[in-house]
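K.L.:
just need the structure, nothing else, for what follows:
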Amino acid sequence: MKHFLDINSTDPADLRTILDEANRIKSGRIGQKRGVADDEQVLAGHMVALIFEKPSTRTRVSFDVGVRQMGGETMVLSGSEMQLGHGETIADTARVLSRYVDMIMIRTFEEGVLHELAEFADVPVINGLTNRSHPCQIMADVMTYEEHRGPIKGKKVVWCGDGNNVCASFLHAAGQFGFDMVFTGPPTLDPEQVFIDEARAKGVNVTIDRDAANAVQDADLVVTDTWISMHDSQSARERRHNQLRPYQVTEALMANAKPDALFMHCLPAHREEEATSAVMDGPGSVIFDEAENRLHAQKAIMRWCLGL
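P.N.:
Numbering: from 1, shown residues only. Predicted coordinates:
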């Protein structure tokens, strides 16, 4: 039994094994109709609990579909149904769920909830997102880059905008997969220094450049994410827009990157805010490949967790 909690806490060799398996799974489904079962029903007889304290589209659908395609069943639970940590302790919830299900995926707010659940669960726990990281998304992103451009090792990745949880997992991945990373955004929204220091300690270059046009020079990959959270007030949204407007990904900005540079966004997107539609629908955009690869990467993660 293995947990998948963060990219930086998973051995690089295991990360590569997961990606190899994700590619094998995807290759095996080319030409099949959407929604059909996989040939290998490795989750037959398995029940997977999908816990959502935060709303979701891609995470919910991709995990649910992935489990079903592998022959398993899902139990989808919302935070309001469970009230994690508000009545029964998280530790007791973990112990009880372990008696009922074979694996737990949780999408939550506080990182501590994830780690306490994993500490006391007797089944694998997968991080579907916390306020600090989003490892499943970045596994899909690395998979997407490599299927279009080959190995990501040694490449230059530029993050534009808010140094949020997705950016944090990209920094984790930089250290584990060996690519360099540049953050360009306002100083009030810098990624946590601990994530930068950890990546640097593993021998990759991580820099901060406030000039977006300069930052993306010779970039192999440009990445951004939504500027606002669904929980932000209107005044907070306006402040964020004012801070982040210089970091919008436009065709002019992408022109500073390499001619074959890719563009990524984990979605959902607010078009014409963090990125223009011309970029999102442009020749270098792989945003919908990213979305699809969540399915394949997460199936590989679940198989790795269960040793299947």
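K.L.:
let me see the mean pLDDT of stretch 172-188.
P.N.:
For stretch 172-188, mean pLDDT rounds to 98.
K.L.:
and it, what's buried?
P.N.:
Buried residues in stretch 172-188, counted by 16 or more other CB atoms under 10 Å: 172-186. In this view, the C-beta of every residue, glycine as well, is placed from N, C-alpha and C.
K.L.:
now do it: distance to the chain's middle.
P.N.:
Its chain's C-alpha centre and that of stretch 172-188 lie 14 Å apart, by CA atoms, centre = their mean, to the nearest Å.
K.L.:
and it, how far apart are its ends?
P.N.:
End-to-end distance of stretch 172-188 (CA to CA, to the nearest Å): 21 Å.
K.L.:
okay, now the unreliable bits of the stretch 1-150 of the chain?
P.N.:
Scanning the stretch 1-150 of the chain for pLDDT under 70 picks out 30-36, 83, 85-86.
K.L.:
for it, which segments count as helices?
P.N.:
Taking DSSP state H, counting those that start in this stretch as the test, the helices found in the stretch 1-150 of the chain are 12-29, 58-69, 79-82, 90-100, 111-120, 135-149.
K.L.:
highest mean neighbour count out of these?
P.N.:
helix 135-149 (a mean of 24; mean count of other CB atoms under 10 Å).
K.L.:
show me what it is packed against.
P.N.:
helix 12-29, strand 125-129, helix 165-177, strand 262-265, helix 287-306 (3 or more CB pairs under 8 Å, 6 or more residues apart in numbering; DSSP states H and E).
K.L.:
give me the contact list for the fourth one.
P.N.:
Okay, so that is strand 262-265. Strand 262-265 is contacted by residues 141, 144-145, 148-149, 220-225, 249, 254, 274-275, 279-280, 282, 284-287, 290 when judged by CB atoms under 8 Å, 6 or more residues apart in numbering.
K.L.:
likewise for stretch 96-106?
P.N.:
With CB under 8 Å, 6+ apart as the test, stretch 96-106 has contacts from 46-51, 53, 63, 72, 75, 88, 94, 113-114, 117, 121-128, 302, 305-306.
K.L.:
now stretch 246-255
P.N.:
Against stretch 246-255 from outside (CB under 8 Å, 6+ apart): 160-161, 184-186, 212-213, 216, 222, 224, 261, 263, 273-276, 278-279, 282, 284.
K.L.:
these in helices, which ones?
P.N.:
In helices, defined here by DSSP state H, the members of those are 212, 213, 278, 279.
K.L.:
closest one of those to residue 2?
P.N.:
Nearest to residue 2 out of these is residue 279 (CB to CB; 37.6 Å).
K.L.:
for the record, mean pLDDT for stretch 214-225?
P.N.:
pLDDT averaged over stretch 214-225 gives 98.
K.L.:
so which residues make contact with that stretch?
P.N.:
With contacts defined as CB under 8 Å, 6+ apart, stretch 214-225 is touched by 141, 145, 149, 152, 155-162, 164, 166-167, 170, 182-184, 209, 247, 249, 253-254, 256-258, 261-266, 274-275.
K.L.:
any idea how far apart the tips of that stretch sit?
P.N.:
Counting by CA to CA, you get 19 Å between the two ends of stretch 214-225.
K.L.:
what comes up buried for that stretch?
P.N.:
Buried, per 16+ other CB under 10 Å, within stretch 214-225: 215, 216, 219, 220, 221, 222, 223, 224, 225.
K.L.:
distance-wise, check the third one relative to residue 76.
P.N.:
Looking back up the chat, that one is residue 219. Separation of residue 219 from residue 76 (CB to CB, to the nearest Å) stands at 38 Å.
K.L.:
burial of residue 108, as a residue count?
P.N.:
22 (other CB atoms under 10 Å).
K.L.:
that one touches residue 133, doesn't it?
P.N.:
No - in this structure, residue 108 is not within contact of residue 133 by CB atoms under 8 Å, at 11.1 Å.
K.L.:
now do the shared contacts for those two.
P.N.:
If you check residue 108 and residue 133 against CB under 8 Å, 6+ apart, no residue is contacted by both.
K.L.:
can you pull out the strands in the stretch 151-300 of the chain?
P.N.:
Ranges of strands in the stretch 151-300 of the chain, per DSSP state E, counting those that start in this stretch, are 156-160, 180-184, 206-208, 221-224, 262-265.
K.L.:
tell me the strands beside the second one, with direction?
P.N.:
Sheet pairing of strand 180-184 (DSSP bridges) gives strand 156-160 (parallel), strand 206-208 (parallel).
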